[in-house]
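**Student:** sequence plus the predicted model coming up.
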Amino acid sequence: MSKYLKSLFSLKRLQLLVVYASIFLLSGFVGNIWMTRNQQTGQIPDISAINLQGQPVNLGVNHLKENPLLIYFFADWCPICKAQHSVISAIDEDYDVLGIAMQSGDIDNVGKYVADQNIGFSVINDENGNISRSFGVNGVPAAFIVDKTGDLKYSTRGYATEAGLRSRLWLADSH
């Protein structure tokens, strides 16, 4: 086979690879829009709760800091959440993170799970699901990025990469 034909086949393979990669990325984007369609948008809901350490946590426009906030919903019964915890923990080193354990049992059960999973960020136990419902969360893991004005800028459901979450936090911080 001539060099010309070999390069032609290589070019076709590259074009197919680009097409397949584009379809994959587009389907992920559309899938995320579909999965988050009922999640809260606009201003952050005004919520007061106590974290697992017994400290008050207030969410709402009047309680925001200068940095964006990542609110991470998870559950002890969620296998994907176990993989997501390390990503969220890495992000917690640079950004404010609040975990919300959605319908995972009483405070003792959630405390044991958090310790077993080596979760270091602040966690609220949402035993009855009221906080989750106020955010429109109907599946976990779910993450919300809140900017310093209290706007819910981005939300995801399902596993999210560290790069994807960090880029959204950076975008929320730069506005």
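**Tutor:** Right, received. Where do you want to start? Numbers count the residues shown, from 1 in each chain.
**Student:** dump the residue contacts of residue 103.
**Tutor:** 75, 126-129, 132 (C-beta atoms under 8 Å, 6 or more residues apart in numbering). Just so you know, the C-beta spots here come from the backbone N, C-alpha and C atoms, and that holds for glycine as well.
**Student:** which of the residues you listed fall in strands?
**Tutor:** The strands, defined by DSSP state E, take in residue 126 from the contacts of residue 103.
**Student:** which of the contacts of residue 103 sit farthest apart?
**Tutor:** Farthest-apart pair in the contacts of residue 103 is 75 and 128; separation 13.2 Å (C-beta to C-beta).
**Student:** now a ChimeraX select for only the buried ones of the contacts of residue 103.
**Tutor:** Selection of the buried residues among the contacts of residue 103 in ChimeraX, burial being defined by 16 or more other C-beta atoms under 10 Å:
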select :75,126,127,132
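**Student:** and which of the contacts of residue 103 is nearest to residue 149?
**Tutor:** The closest of the contacts of residue 103, once distances to residue 149 are taken by C-beta to C-beta, is residue 132, at 23.3 Å.
**Student:** is residue 100 in contact with residue 132, as I believe?
**Tutor:** Yes - using C-beta atoms under 8 Å, residue 100 is in contact with residue 132, at 6.9 Å.
**Student:** mind giving me the domain ranges of the protein?
**Tutor:** What the record gives for the chain is the domain set 1-35, 39-174, from automatic domain parsing.
**Student:** how far does the last one sit from its chain's centre?
**Tutor:** Read it as domain 39-174. 7 Å (C-alpha atoms, centre = their mean, to the nearest Å).
**Student:** secondary structure element holding residue 80?
**Tutor:** helix 79-92 (DSSP states H and E).
**Student:** against which helices or strands is the strand or helix carrying residue 72 packed?
**Tutor:** Element membership for residue 72 (DSSP H and E) is strand 69-74. In terms of contacts (3 or more C-beta pairs under 8 Å, 6 or more residues apart in numbering; DSSP states H and E), strand 69-74 is packed against helix 79-92, strand 96-102, helix 130-135, strand 142-146.
**Student:** and of those, who's closest to residue 169?
**Tutor:** Per C-beta to C-beta, nearest to residue 169 of the helices and strands packed on strand 69-74: strand 142-146, 5.8 Å.
**Student:** next SSE downstream of the closest one?
**Tutor:** strand 151-157.
**Student:** buried stuff in stretch 77-86?
**Tutor:** So, applying 16+ other C-beta under 10 Å, buried residues of stretch 77-86: 78, 81, 84-85.
**Student:** those residues into TSV, with extra columns for pLDDT?
**Tutor:** What follows is those, written out as TSV (pLDDT from 0 to 100):
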residue	pLDDT
78	95
81	96
84	96
85	96
